[in-house]
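[1] got a predicted model here, sequence first, then my questions.
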Amino acid sequence: MDVVTLAYVFFFVIAFVWSVFLFLEGFDFGVGMLTRLVGRNDAERGVILRAIGPNWDANEVWLLTGGILIFAAFPPWYAASFPSAYIPLLLLVFCLIVRALAIEYRSKRPTHRWMNTWDWLTFATGLLLPLLVGVFWAGMVHGIPINAEGRFVGDSLWSHINVYSVLGGLALVSYCIAHGSVFLRRKLDVDWQARLTPWALRSGAVTVVLMTIFSVWTVLAYSADGVGIAVAAVVVLAFAAALITDRQGRTLTAFWFNGIGICAFMAQIFVALFPNVLPSTISDGYTLTIESAAASSTSLNILAITALIGIPGVIAYQSWSFWVFRGRLRPSELAQSAYK
Amino acid sequence: MDLSRAQFALTTLFHFLFVPLTLGLGPWVAIFETMRYRTGDERYGRLSRFFGSLLLINFAIGVASGIIQEFQFGMNWAVFSRFVGDIFGAPLAMEGLFAFFLESTFLGLWVFGRGRLPRAVHLASIWLFVLGTWLSAYFILAANSFMQNPVGFTLDPVSGDAVLTSLGEVFFQPLTVWAWLHTIGGGIIAATVFVFGVSAYHLKRGNHVDLMRKTFRSAIIVGVLAGGFQFVVGDILGVIMVDKQPMKMAAAEAVWETTGPCASLGIIAIPDMAARDNSFEVGIPCLLSIVATNSLDGEVVGMNQLQAQYEEQYGPGNYTPSVWIAFYSFRAMMGFGLIASAWMVVAWWLTRRGRMPKSRWFWGISIWMIAMPWLGNLFGWIFTENGRQPWVVYGLLKTEDAVSDISVGLVATSLVAFVVLYTIVGLVEFVIMRRYAIRGPQDVSEPMPGEPPPVPAESSRGWTS
């Protein structure tokens, strides 16, 4: 395929990969926060964390893949946006490290102090990570100072941080709690429902509000066209539908509505960027576009083959893995409450 | 620039503290699992759980510290990222899609799937995990080898960035293949000496003697074989580098002036970077010609001649890496490896036919041997990355030109933050690792720490049959 077509395809693929990341890690982050919000003691927090035990690590690879694909398919986009987001990304990386250890090491010592410390870190990183991801993407839509050579020339501390990007981050945090509590409602047994439901409904309502404000702002400021309005409408309606179905106790439907909502959220960001990948706040002429930032034809063709084999393959065996661990946690699995 | 470089060196070396053990311990655990599957002997089950839990502790931090590399390219080395983006894209995307997902998904299935998966599928999970880690090493070494010896590219006439022309060349240039074998060899040695040292700890105290004697003796055999393999692969890799990166190898041997035939191999040298000569050296005659060219009368081109050649080729500048670091890191890499191998031969002799040395010293030294391959691996990377300087991509892009336009204060802050975080993380990991290694293999009936206990057969039969 010619390089221009492939570039547009990869713009879509990157949006897809980041959507899958937020769909899967969304509930992992949410579960991380809910360990503290719902869990009353070390044992309960262990049970909650156990729900994401087998899959959280693989879910996180979607984030890595999302980053790599930007690097691979649009090197100038990666080279300009990553230094500009130095602070958020540095924090993000620190959070990823701390979170991996918090989940893996919490039960390596059976003392309350040890577990309690790690559980607070699981909560904090579960909260910060979606916030930072939101800041990163919404900050990108807002634009950053890049010069004629496509180099980032601003102040790395603040270039990604503004009211709009923080709002995007908060909307994601709220979504993660809502998504995570719906996920837990399906994973844990009846005794937990009474405690999970209020969290699911409260955070669901907050998500609808924040997502609505964010979507309206996005439409007004960055994508006031038919497609932009349509995608924004999907975001709002899907999260509203998730809230309603959750209230009716149809948790599986609510889970998938959250999925649709988050895909539409990511789509909204990419629609706002289109046909650019990174707007320059210095001059429109310096803006990186899909076409100008694309990698070479050889490279994109190889990437296309890689993605064509890799992505469906990963989805296939990851889905199988979810199927293996499907259903509520078995009493035998819960008896051993401490996570690995 | 120096700060970004220090940060990259710190984060990469920290990452590589954990990588070799993952690469090498994976197969050990997988083999124990296979033996358990084939013989039904639960002693193997105890071993696979024991070393498996150590592998998990190590893997968690290896993955976490690896993510940083992926982000750091863009954050600190924007010019480099743009320059190599077109080349690195394919191997890194493949690493993510073909390797990272494989290892993380199947590790999860192995750890949590014991009661839910059919036994054969459960066994396959750990092997797929090993495959994932080995593939991942291959992809990233393909990218690193491009930095050492760029192939399969052209330079874009407008932007001046590298553009991929042949992925085959990038993937299968001899340097990639041999560097991968060398890295895997280093991983297997590290893990094998680890198994050896942990076994020695328990044998010293008379714990789990039946199991630990088995692993101790197996580790000796694997360790000696892997040591020999590593030596041969290292030599071949060295000959390739003499051809592709003559400056690196000349610096490794502190050869300033082109030698005649039968060149001597320096054992000790005091390089004088200013005078561009050694102020002192002791060597073994002819050995350099043999190791560098595999022939007695081979000549090795000196750094001064190479410097002159590069000045002509690339313009004025200093093209000589730090000879101190190159010379001594090269010797440290081999030295630590050889010490471990030699000690394993000693241990093999002392424990022959069921003998159990009484000497506390013997077991003590065996435990401390665990550190040797680690040092060897770290010095190996210090050697190869230092030897490439001043280039980040050999002959194409200098390190000093590759950094992002970000403020010094910002990089300094992040460097300090990394040092603090890594110190804490490293200590935590060490403490937990030590704790679990000392605890020793547990009864099979007792689940791996936190792992769900085995599910009664009838509840899983529903869908397995």
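    That came through, no problem.

[2] pick out the residue of chain A closest to chain B.
    In chain A, the residue that lies nearest chain B is A:Pro75 (2.3 Å; C-beta to the nearest C-beta). Every C-beta, even on glycine, is put in place using the N, C-alpha and C of the backbone.

[3] can I assume that residue is in contact with A:Ser292?
    No. A:Pro75 is beyond contact range of A:Ser292, at 11.4 Å (criterion: C-beta atoms under 8 Å).

[4] remind me which residues of the chain are low pLDDT?
    All of this is about chain A. A:156-157, A:334-340 (pLDDT under 70).

[5] nope, chain B
    Those would be B:1, B:443-465, if you go by pLDDT under 70 across chain B.

[6] for it, which segments count as strands?
    Taking DSSP state E, the strands of chain B run over residues B:153-155, B:162-164, B:265-272, B:277-284, B:391-393, B:397-398.

[7] could you say what helices and strands the third one packs with?
    Right, strand B:265-272. strand B:277-284, helix B:287-293, helix B:323-350 (3 or more C-beta pairs under 8 Å, 6 or more residues apart in numbering or on different chains; DSSP states H and E).

[8] ok, the fifth one next?
    Counting contacts by 3+ C-beta pairs under 8 Å, 6+ apart, strand B:391-393 packs against helix B:78-94, helix B:119-148, strand B:397-398.

[9] identify the residues contacting it?
    B:77, B:80, B:83-84, B:146-147, B:150, B:162, B:397-399, B:402 (C-beta atoms under 8 Å, 6 or more residues apart in numbering or on different chains).

[10] which is the next helix or strand following whatever helix or strand A:Ala194 lives in?
    Using DSSP states H and E, A:Ala194 falls within helix A:190-222. Proceeding N to C from helix A:190-222, the next assigned helix or strand is helix A:226-247, under DSSP H and E.

[11] flag every buried residue along stretch A:283-303.
    Residues of stretch A:283-303 classed as buried under the neighbour-count rule (16 or more other C-beta atoms under 10 Å in any protein chain shown) are A:286-290, A:293-303.

[12] what do you get for stretch A:233-252?
    A:234-236, A:238-243, A:245-246, A:251.

[13] on that earlier part again, the helices and strands packed on strand B:391-393: which one's closest to chain A?
    Per C-beta to the nearest C-beta, nearest to chain A of the helices and strands packed on strand B:391-393: helix B:78-94, 2.3 Å.

[14] and the helices in chain A?
    Remark: helices assigned in chain A by DSSP state H are A:3-37, A:42-50, A:56-73, A:75-84, A:86-105, A:112-142, A:163-187, A:190-222, A:226-247, A:251-273, A:290-293, A:297-324, A:331-335.

[15] hmm, I was thinking of the stretch 351-465 of chain B
    B:360-368, B:371-388, B:408-439, B:457-464 (DSSP state H, counting those that start in this stretch).

[16] and the third one, does that touch chain A?
    Yes. When contact is scored as C-beta under 8 Å from any C-beta of the partner chain, part of helix B:408-439 falls within range of chain A: B:410, B:414, B:417, B:421, B:425, B:428-429, B:432, B:435-436.

[17] quick check: angle from that helix to helix A:75-84?
    90 degrees (axes from the mean of the first three to the mean of the last three C-alpha atoms, to 10 degrees).

[18] helices and strands around helix B:408-439, which ones?
    Secondary elements touching helix B:408-439 (3+ C-beta pairs under 8 Å, 6+ apart): helix A:86-105, helix B:2-39, helix B:42-76, helix B:174-204.

[19] now do that helix: distance to the chain's middle.
    Computed by C-alpha atoms, centre = their mean, to the nearest Å, the chain-centroid distance of helix B:408-439 equals 19 Å.

[20] can you state the direction angle for it and helix B:2-39?
    30 degrees.

[21] next, the angle from helix B:408-439 to helix B:42-76.
    Going by the same axes, to 10 degrees, helix B:408-439 makes 180 degrees with helix B:42-76.

[22] now helix B:408-439: buried residues?
    For helix B:408-439, by 16+ other C-beta under 10 Å, it's B:410-411, B:413-415, B:418, B:421-422, B:425, B:428-429, B:432-433, B:436-437.

[23] closest one of those residues to B:Ile221?
    Closest to B:Ile221 out of the buried residues of helix B:408-439 is B:Ala437 (21.3 Å), distances taken as C-beta to C-beta.

[24] please name the nearest non-neighbouring residue to that closest one.
    B:Val198 (5.0 Å; C-beta to C-beta, 6 or more residues apart in numbering or on different chains).

[25] dihedrals phi and psi, the residue nearest to A:Arg151 when sequence neighbours are not counted?
    Spatially, and ignoring its direct neighbours in sequence, A:Arg151 is nearest to B:Asp405 (5.9 Å; C-beta to C-beta, 6+ apart). Backbone geometry at B:Asp405, expressed as degrees, to the nearest 10, gives phi -90, psi 70.

[26] tally up the residues packed near the nearest residue to B:Ala179 once chain neighbours are set aside, please.
    Closest residue to B:Ala179 apart from its sequence neighbours, by C-beta to C-beta, 6+ apart: B:Leu141 at 5.0 Å. Neighbours of B:Leu141 under the rule other C-beta atoms under 10 Å in any protein chain shown: 23.

[27] repeat for the one 3 residues further on
    For B:Asn144, the count of nearby residues is 20 (other C-beta under 10 Å).

[28] in space, what's closest to it - neighbours in sequence excluded?
    Nearest non-adjacent residue to B:Asn144 (C-beta to C-beta, 6+ apart): B:Ala179, at 7.1 Å.

[29] and the one you found, how far from chain A?
    21 Å (C-beta to the nearest C-beta, to the nearest Å).

[30] which residues does that residue contact?
    B:Ala179 sits in contact with B:141, B:144-145, B:148, B:237, where contact means C-beta under 8 Å, 6+ apart.

[31] try 7 Å this time
    B:Ala179 makes contacts with B:141, B:145, B:237, as judged by C-beta atoms under 7 Å, 6 or more residues apart in numbering or on different chains.

[32] look up how far B:Ile68 lies from the first one.
    Just to be clear, that refers to B:Leu141. Noted for B:Leu141: a distance of 18 Å to B:Ile68, by C-beta to C-beta, to the nearest Å.

[33] now swap in the last one and tell me
    Counting by C-beta to C-beta, the gap from B:Leu237 to B:Ile68 is 27 Å.

[34] sorry, back to before: doesn't A:Val153 make contact with the residue nearest to A:Arg151?
    Yes. Applying C-beta atoms under 7 Å as the test, B:Asp405 and A:Val153 come out as touching, 6.2 Å apart.

[35] could you report the neighbour count for the closest residue to B:Tyr422 other than its chain neighbours?
    Distances taken as C-beta to C-beta, 6+ apart put B:Phe14 closest to B:Tyr422, at 5.2 Å, once the chain neighbours are dropped. Close neighbours of B:Phe14, defined as other C-beta under 10 Å, add up to 21.
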